[in-house]
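Asker: need the 3D shape of this:
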Amino acid sequence: MLRVFVLCLVGKKKTGNYINVSMGTCILVVEDDDTLRELLRYNLGKEGYSVVTAVDGAEAVEKYRSSKPQLIILDIMLPRMSGTEVCRIVRGESQVPIIMLTAKAEEVDRVVGFELGADDYVTKPFSMRELLSRIKAVLRRSEAVKDAGTAAAGRSGFLEAGDITIDLKKHEVSRSGTKVELNPKEFELLVLLLSNRGQVISREQILRKVWGYDFIGNDRTVDVHMRWMRRKLETDPDNPQYLHTVRGYGYKFAG
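Answerer: Predicted structure coming up:
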């Protein structure tokens, strides 16, 4: 049976690079395994979360819509409604960060999750410390990027280069007036690069600023997202006009 938990975190103040998580902040967690669910309930309770349950995928979507969580932890392999379908529905309505849980380690599962708009994934079995670290990283993932984008855009709220326009307020990207659908990480990555137009940014810097200080992954994550962005934004992805690779180091927006 599918179980969903809406976890409410007691307020925490912002310190250093940490995101300000105010009272009432919610995380929606979807997991059908009884043992793992109880383990999550216990450990997240120790972190100051309260737990609310729902019983199926339809109710999960309803809880997401009514609770408006700031983060979703979502298992891929679920009965009645798959995690990918829940992700698809949520992503069609919101840019709320999503961490996918999967028992599979194959690259195809990661690619599917990212293409649907997931922000991160955790492969089972995982340590609770790792999951908590991922949660913290995702919750504060875009603070530096948003600040940089706002500063670069000024009062207009727009970042522009050539025929590419980013509307920071609406969280939208367009090229030649046509809207381009980017997932949350692609959007943040584009904002970061365009905010630092002409400057080379290393893969390590991108991981820290877009994926978070505690992200547990490798720089291939950046390469995969850059490849997807080129397919969406470049007329000729193999000969990009804007998104340039600096071999052995990182990327820059060169338009």
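
Asker: where does pLDDT dip in the stretch 101-250 of the chain?
Answerer: Within the stretch 101-250 of the chain, the segments meeting pLDDT under 70 span 105-108, 141-156, 212-219.

Asker: how about the strands in it?
Answerer: Remark: strands assigned in the stretch 101-250 of the chain by DSSP state E, counting those that start in this stretch are 120-123, 158-161, 164-167, 172-175, 178-180, 201-202, 243-246, 250-253.

Asker: which residues of the stretch 51-200 of the chain fall in helices?
Answerer: 57-67, 83-91, 107-116, 128-139, 143-153, 184-195 (DSSP state H, counting those that start in this stretch).

Asker: and the shortest one, what does it pack onto?
Answerer: Which is helix 83-91. Applying 3 or more Cβ pairs under 8 Å, 6 or more residues apart in numbering; DSSP states H and E, one finds that helix 83-91 makes contact with helix 57-67, strand 71-75, strand 98-102, helix 107-116. The C-beta positions use only the backbone N, C-alpha and C, and glycine is treated the same way.

Asker: how many degrees apart are the first one and helix 83-91 in direction?
Answerer: Angle, helix 57-67 to helix 83-91, by axes from the mean of the first three to the mean of the last three Cα atoms, to 10 degrees: 30 degrees.

Asker: okay, buried residues for helix 57-67 please.
Answerer: 57, 60-61, 63-64, 67 (16 or more other Cβ atoms under 10 Å).

Asker: most widely separated two among these?
Answerer: 57 and 67 (15.3 Å; Cβ to Cβ).

Asker: so who does the most centrally placed residue in the chain touch?
Answerer: Centroid-nearest residue in the chain, with Cα atoms, centre = their mean: residue 119, separated by 2.7 Å. Residue 119 makes contacts with 97-99, 138, 141, 184-185, as judged by Cβ atoms under 8 Å, 6 or more residues apart in numbering.

Asker: at 7 Å what do you get?
Answerer: Going by Cβ atoms under 7 Å, 6 or more residues apart in numbering, residue 119 touches 97-99, 138, 184-185.

Asker: how much space separates it from residue 94?
Answerer: Using Cβ to Cβ, to the nearest Å, one gets 12 Å for the distance from residue 119 to residue 94.

Asker: how many neighbours does residue 192 have?
Answerer: Burial of residue 192 is recorded as 23 neighbouring residues (other Cβ atoms under 10 Å).

Asker: please apply the same query to residue 221.
Answerer: 20.

Asker: dump the residue contacts of it.
Answerer: Counted by Cβ under 7 Å, 6+ apart, residue 221 has contacts 207, 211.

Asker: where's it relative to residue 130, distance?
Answerer: 16 Å.

Asker: distance check, residue 123 against residue 117.
Answerer: 19 Å.

Asker: which of the two has more neighbours?
Answerer: Comparing residue 123 with residue 117 by other Cβ under 10 Å, the one with more neighbours is residue 117, at 23 against 15.

Asker: quick one: residues contacting the more buried one.
Answerer: So residue 117 contacts 87, 91, 98, 183-184 (Cβ under 7 Å, 6+ apart).

Asker: now with 10 Å, please.
Answerer: Residue 117 makes contacts with 87-88, 90-92, 94-98, 181-187, as judged by Cβ atoms under 10 Å, 6 or more residues apart in numbering.

Asker: please spell out the PyMOL selection for the buried subset of those.
Answerer: Provided next is the PyMOL selection string for whichever of the contacts of residue 117 are buried by 16+ other Cβ under 10 Å:
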select buried, resi 87+90+91+94+95+96+97+98+182+183+184+185+186+187
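
Asker: now stretch 35-42: buried residues?
Answerer: Buried positions in stretch 35-42, judged by neighbour count with 16+ other Cβ under 10 Å: 36-37, 40-41.

Asker: so which of those sit within helices?
Answerer: Using DSSP state H, the subset of the buried residues of stretch 35-42 located in helices is 36-37, 40-41.
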